[in-house]
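Student: below are the sequence and a predicted model; questions follow.
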Amino acid sequence: MKLKIAVIALLIVSCNKEECINKNVTCIETEPEGYMVTTMEDYNGNTNVATIYKTTFNSNAPVGGDWNNPALGVGQVSKIATPMWNTASIGQVFGIAIDNSNNIYLASTDIYAYDPYGGTTAHGSAGSAGIYKTNVSTPTTTTSLTTTLVANTGYTVGTNQIPNTGIGAGNSLGNIAFDKEHNQLFATNLEDGRIYRIDATTGIVKSTFDPFVKDIPSNGMVGVNERIWGIGVLTKSGTTEVYFARTEATYNSIWSIKLDTTGEFIATSEGGVIPKSFIDTANSKLEIQKIGTQNKISDIEFSCSGKMLMAERGDPHGSYVYEYNKVGTSWLVTNPFYTGKNPGKNAAGGVDYGGREKAGAFIKDDIVWASTNWAQPSNNLYLVYGVEGISSLGNNSTTNGSTDLFIDANAGGGNNKGGIGDVDVFDSSCPCNK
């Protein structure tokens, strides 16, 4: 009798979004793929303002429980020591970006003092518009990528400075996003309502884009209708677009601007002595007209297949996570993502997609990670203020405490309402299937 032997190969594969969609390939992740970076407010000068968690092998995480509970012993989620990530060195930070070379970027913020239940203002050595850079393999060293020109305006193209006075609650950077196609970083500046295109290696500002009315310089955060917070980059079918969230009077809207093959904004330059400053609105596209009820969408991320994930921030118990999928020319709402206790609208303003481990293999973008307030894991007596991992199929407002994953920023309980920040996950090279 002949024996038939089936051999299942685990492949490490890498492909672009279009090639990967719907391919049935088993894959494993190579660390730091799947690692998570989070930000939070530091109240006392001793707590880290950002943390790296080793969340790749998340099949070990307790469903409906706090993965950061010290009572788990060796089962507690592992962290990487980041001694410079404190207010003395880098100040308060919110926005996070991760590039192709495992570098981590952290953006200065005043969001914790600006929002309800707000806390302290603290900027590091790079100032209110500083962006800090480190590598996951050398987290003990963090350097300034950009610094601050302390002014309410300024043509800083060709320098590593972003103008920002730091005057007024909230005035700093909104968020940052990395463009993997052109090795560059984008930052939204709340002082002037502009998007800054930055060389990710040198920190040099390559150009700026003011998508709405040209800024009239004045100290403090730019006004409603000019204010941009969340930002994300999507490359699909050979086209790269920058998406950004505009704060309007009673809601938010989502806009986009295309980039050319060099990574430059496709827009009209002011010309003259400021050739790399773009100001027109003719090429900006309104993608979603009305979304959210809070005063900002603070984070925008994309799945490998092009779904758009967003988190609003404001009222700690009135903020939602949204996901949209583009069908034709329209963005349509997909699955519901409830964060925290009933009615599940406790988003803290950060979101990203992550892979799910199953039997040593990984499903890319199968978890939506969201920063959250006031979550109640069914297996813990205490509340969680940190991040919540939700199935990519969504959840509901009453069962999320028993179906989701949780990481408490305070490692075992502690109310940090309003002090939880952003979340970003190192990309997986696995095939795209979500």
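Tutor: Everything's here; your move.
Student: make it CA atoms for all contacts and neighbour counts henceforth
Tutor: Will do.
Student: which phi and psi does V384 have?
Tutor: Main-chain torsions, V384, degrees, to the nearest 10: phi -110, psi 130.
Student: got the contact list for it?
Tutor: Contact analysis of V384 by CA atoms under 8 Å, 6 or more residues apart in numbering lists 66, 373-377, 406-409, 412-415.
Student: between those residues, which has the most around it?
Tutor: D66 (34 neighbours; other CA atoms under 10 Å).
Student: just grab the bridge partners of the closest residue to that one other than its chain neighbours for me.
Tutor: Of all residues beyond its chain neighbours, the one nearest D66 is F406 (4.8 Å), with distances taken as CA to CA, 6 or more residues apart in numbering. Under DSSP bridges, the beta-bridge partners of F406 are D66, E388.
Student: then R194?
Tutor: Here R194, judged by DSSP bridges, has bridge partners N189.
Student: now do the end-to-end distance for stretch 109-121.
Tutor: 8 Å (CA to CA, to the nearest Å).
Student: and it, how far out from the chain middle?
Tutor: Centroid displacement of stretch 109-121 relative to its chain, using CA atoms, centre = their mean, to the nearest Å, is 18 Å.
Student: how about that stretch: buried residues?
Tutor: Within stretch 109-121, the residues scored as buried using 16 or more other CA atoms under 10 Å are 109-115, 118-121.
Student: now do stretch 155-169
Tutor: Across stretch 155-169, burial judged by 16+ other CA under 10 Å covers 155-157, 159-167, 169.
Student: quick one: average pLDDT of it?
Tutor: For stretch 155-169, the mean per-residue pLDDT is 97.
Student: now do the same end-to-end measure for that stretch.
Tutor: 24 Å.
Student: from S391, how far off is the closest residue in space to P32 that isn't next to it in sequence?
Tutor: Taking CA to CA, 6+ apart, and ignoring the residues beside it in sequence, P32 has F426 as its nearest neighbour in space, at 6.7 Å. To S391, F426 is 18 Å away according to CA to CA.
Student: what's the answer for E241, then?
Tutor: Per CA to CA, E241 is found 27 Å from S391.
Student: residue contacts, the nearest residue to T120 once chain neighbours are set aside?
Tutor: In space, and not counting its chain neighbours, T120 is closest to A113: 5.3 Å by CA to CA, 6+ apart. Residues near A113 by CA under 8 Å, 6+ apart: 119-121, 169-170.
Student: ok, G95 next?
Tutor: G95 touches 39, 106-109, 174-176, 421-422, counting by CA under 8 Å, 6+ apart.
Student: what does A151 give?
Tutor: By CA under 8 Å, 6+ apart, the neighbours of A151 are 163-165, 219.
Student: G394 too?
Tutor: 335-338.
Student: closest to F94 among the contacts of V384?
Tutor: Sorting those by distance to F94 puts A409 at the head of the list, at 14.2 Å, by CA to CA.
Student: so what strands line up beside the longest strand along the chain?
Tutor: When the chain is parsed with DSSP state E, its longest strand is strand 361-375. Paired neighbours of strand 361-375 in the sheet (DSSP bridges): strand 347-358 (antiparallel), strand 384-391 (antiparallel).
Student: could I get the ones you listed as a markdown table with mean pLDDT and distance to T51?
Tutor: What follows is the strands paired with strand 361-375, written out as a markdown table (pLDDT from 0 to 100; distance: least, CA to CA, whole Å):
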| stretch | mean pLDDT | distance to T51 |
| --- | --- | --- |
| strand 347-358 | 97 | 14 |
| strand 384-391 | 97 | 11 |
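Student: with distance to I288 as extra columns, can I get these in JSON lines?
Tutor: Shown next, in JSON lines, are the strands paired with strand 361-375 (distance: least, CA to CA, whole Å):
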{"stretch": "strand 347-358", "distance to I288": "18"}
{"stretch": "strand 384-391", "distance to I288": "24"}
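Student: among those, which is nearest A129?
Tutor: Closest to A129 of those is strand 347-358 (CA to CA; 19.3 Å).
Student: export that closest one as PDB, just CAs?
Tutor: These are the backbone C-alpha positions of strand 347-358, laid out as PDB (Å, rounded to 0.1, in the frame of the first residue of the first chain):
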ATOM      1  CA  ALA A 347     -12.000  55.800  21.300                       C
ATOM      2  CA  ALA A 348      -8.900  57.600  22.300                       C
ATOM      3  CA  GLY A 349      -7.900  58.700  18.800                       C
ATOM      4  CA  GLY A 350      -5.500  56.000  17.500                       C
ATOM      5  CA  VAL A 351      -6.000  53.000  15.200                       C
ATOM      6  CA  ASP A 352      -4.100  50.600  13.000                       C
ATOM      7  CA  TYR A 353      -4.400  47.100  11.400                       C
ATOM      8  CA  GLY A 354      -2.400  44.200  12.700                       C
ATOM      9  CA  GLY A 355      -1.900  40.500  11.900                       C
ATOM     10  CA  ARG A 356      -3.500  37.600  13.800                       C
ATOM     11  CA  GLU A 357      -1.500  34.600  14.700                       C
ATOM     12  CA  LYS A 358      -3.200  31.200  14.300                       C
END
